[in-house]
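**Student:** Here is my input, please return the structure:
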Amino acid sequence: MSSITLIALPPRGLGSGVKAPSAALGHIVPTLTKDNIEVVCYDMNIDIYEDKGAEWYERALTWGETFGDVESDIEAEFVEYLQSYITEIKTDWVGISVFSVNSEYIVPIVCKHIRSISNAKIVAGGYGCNPKIGPKWKQDSLIDHFILGEGEGSLNSLILGEEHKSIDGIERHEVENLDELPIPDYTLFVGGDNKKRDFTITASRGCVRKCTFCNVPNLFSKFRWKKGEKIAEEMIDIIHKYNPDNILFSDSLINGNMKEFRKWTRLMTEYYENNPDIRIVPWAAQFICRSSNAMSKEDFDYIKRSGCFNLQIGIESGSESVRDHMGKKFNNQDMYYTLGELSKRDIDVVLLMIVGYPTETDEDHEDTVNFLENVNDWFGHKSKFIVNLNVMKLLSNTHIIHQTELYKWNKKQTDFVSSLGIDWIDRKDRFFELYELIEFSKNLVQAHPNPEKYKMLKKYDRVV
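**Tutor:** Residues are numbered from 1 along each chain as shown. So this is what the prediction gives:
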């Protein structure tokens with residue numbers, strides 16, 4: 001029998017990232033066991049957060065952001081932890097799940113440690129494993145193979161010695177029919193400590209939007225979704241098996257397919273009404289603003305009754321013109337309608353905001369100031385409005401990085417100046433203005449709050 005040890009690397013991010021076992025591994029495990037492949041799992045992300053604490057974890061989130069300034073401070077601590085965390089490998093294979101670019105910087109450390117204690121073959125995959133970095137890791141003998149795209153099926157092929165286009169290749173694997181995937185299996189993550197956990201469901205992959213600043217359109221060739229019945233089945237399975245604190249959805253947009261979203265929320269509402277002894281498990285997801293024609297007040301009623309307690313919405317800017325350029329495709333009327341209906345139903349909202357988009361003028365920035373002031377004042381605040389404030393970065397594999405008429409790099413090639421003349425100092429000043437507005441607003445809450453953002457700004461003159 002073939003065997004593999006799967007390791008989910010940190011950092012996955014604060015909030016849901018440190019509360020729920022790896023969704024990627026939870027979804028891959030049953031596809032492996034179906035082929036009689038023995039699996040061992042480590043979620044290093046959750047474990048290191050619980051063992052080393054939030055302050056250390058926040059610093060780990062800055063890896064790769066500070067061009068070496070922070071890495072040297074925490075690398076020795078990480079190596080020491082790693083050596084006591086994984087002391088032996090008994091399987092034929094080791095699978096490294098690289099969630100994002102933040103995890104890329106610790107892949108060499110982890111792989112070198114595994115090489116020192118085991119002869120197992122190492123394969124890397126995940127969103128942080130791309131056509132550029134995967135071949136480099138293999139060339140440097142850190143790994144034996146890499147897989148691009150989704151691991152369900154492709155990882156089986158590698159372990160069983162079968163050919164697959166995504167193994168050491170340039171073509172990403174995508175599961176065509178998500179309804180055919182088995183129900184996620186998190187039993188390998190649930191130990192004897194009786195700790196309460198959150199658990200994750202993936203109802204769709206890809207996104208119906210193609211926002212210019214986001215790399216999701218380049219990670220997935222198309223938007224795919226599960227049927228509402230399948231989503232409800234997975235949710236009920238998790239409720240009965242694990243008694244979760246919360247259920248989290250990994251989707252870019254949970255309401256990307258309104259037909260299936262509508263069906264699922266109604267099925268779960270019906271399930272709870274028919275089973276009054278079952279606790280209604282709170283769920284959270286990423287969401288998009290839609291018009292009153294696309295989402296009725298009844299739709300919002302079912303969102304609440306099915307258990308929703310928190311939605312993250314990529315508002316990004318209070319300026320319609322900035323959002324139009326981003327490709328957000330909702331206007332102010334849609335935005336205030338959505339926020340108002342959620343507030344009426346006591347559903348908390350995380351407002352994802354970006355400071356300093358390349359087309360952002362002084363007037364656009366003032367629109368964002370006005371938007372936050374309106375949110376603070378207008379909705380009666382039965383619910384929380386939590387603001388996750390970030391400074392604009394030009395990420396690789398995004399649409400906007402190719403729109404070179406909008407910006408130019410600075411001399412160090414580490415930051416940009418917009419065609420409007422807005423540079424790092426201007427974006428930093430705008431960030432501070434909004435950050436302090438949130439701090440002193442009665443009804444707005446900072447996302448974490450994250451003191452590291454201030455520390456990094458003061459020490460290294462950059463926001464992470």
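
**Student:** which phi and psi does E77 have?
**Tutor:** Phi and psi for E77, reported as degrees, to the nearest 10, are phi -60, psi -40.

**Student:** now swap in the one 3 residues further on and tell me
**Tutor:** Backbone dihedrals for E80, given as degrees, to the nearest 10, come out at phi -60, psi -40.

**Student:** contacting residues for it?
**Tutor:** Contacts for E80 (CB atoms under 8 Å, 6 or more residues apart in numbering) come out as none. (Glycine included, C-beta is placed from N, CA and C.)

**Student:** Correct me if wrong: V355 contacts R430.
**Tutor:** Yes: counting by CB atoms under 8 Å, V355 touches R430, with 5.0 Å between them.

**Student:** in the protein, what spans have low per-residue confidence?
**Tutor:** Applying pLDDT under 70 to the chain flags residues 14-16, 63-73, 191-194, 448-464.

**Student:** Ramachandran coordinates for the most centrally placed residue in it?
**Tutor:** Nearest to the mean C-alpha position of the chain, by CA atoms, centre = their mean, lies S250 at 6.7 Å. Per-residue torsions, S250: phi -90, psi 0 (degrees, to the nearest 10).

**Student:** residue contacts, it?
**Tutor:** By CB under 8 Å, 6+ apart, the contact list for S250 reads A23, T200, I201, T202.

**Student:** Count the neighbours of the second one for me.
**Tutor:** Other residues lying near T200 total 22 when counted by other CB atoms under 10 Å.

**Student:** got it, and the first one?
**Tutor:** For A23, the neighbour count with other CB under 10 Å is 22.

**Student:** I figured it hits A203, correct?
**Tutor:** No: if you go by CB under 8 Å, A23 and A203 don't touch, sitting 11.1 Å apart.

**Student:** Name the residues contacting each of V355 and R430.
**Tutor:** Among the neighbours of V355, those also in contact with R430 (CB under 8 Å, 6+ apart) are H365.

**Student:** if we can go back for a sec, just the ones of the contacts of S250 in helices?
**Tutor:** A23 (DSSP state H).

**Student:** of all the contacts of S250, which two lie farthest apart?
**Tutor:** The most widely separated members of these are A23 and I201, with 7.8 Å between them, by CB to CB.

**Student:** and for the two, which residues touch both?
**Tutor:** Joint contacts of A23 and I201 (CB under 8 Å, 6+ apart) are P184, S250.

**Student:** quick one: contacts for S252?
**Tutor:** S204, G206, C207, R209, V216, Q286.

**Student:** please redo it, this time with the cut-off set to 10 Å
**Tutor:** Taking CB atoms under 10 Å, 6 or more residues apart in numbering, we find S252 in contact with 204-209, 211, 214, 216-217, 219-220, 223, 285-286, 288, 314.

**Student:** Also I278?
**Tutor:** The contact partners of I278, taken as CB under 10 Å, 6+ apart, are I236, I239, H240, Y271, Y272.

**Student:** Surely it is in a strand?
**Tutor:** No: according to DSSP: H, G, I helix; E, B strand; the rest coil, I278 belongs to no strand; its state is coil.

**Student:** Now it, what are its backbone angles?
**Tutor:** According to degrees, to the nearest 10, I278 has phi -80, psi 130.

**Student:** how close does it get to I239?
**Tutor:** To I239, I278 is 7 Å away according to CB to CB, to the nearest Å.

**Student:** same thing with Q139?
**Tutor:** The gap separating Q139 from I239 is 46 Å, by CB to CB.

**Student:** So which of those two has more stuff around it?
**Tutor:** Using other CB under 10 Å as the criterion, Q139 and I239 rank with I239 on top: 21 against 9.

**Student:** Quick check: chain neighbours aside, which residue is closest to that one?
**Tutor:** V281 (5.5 Å; CB to CB, 6 or more residues apart in numbering).
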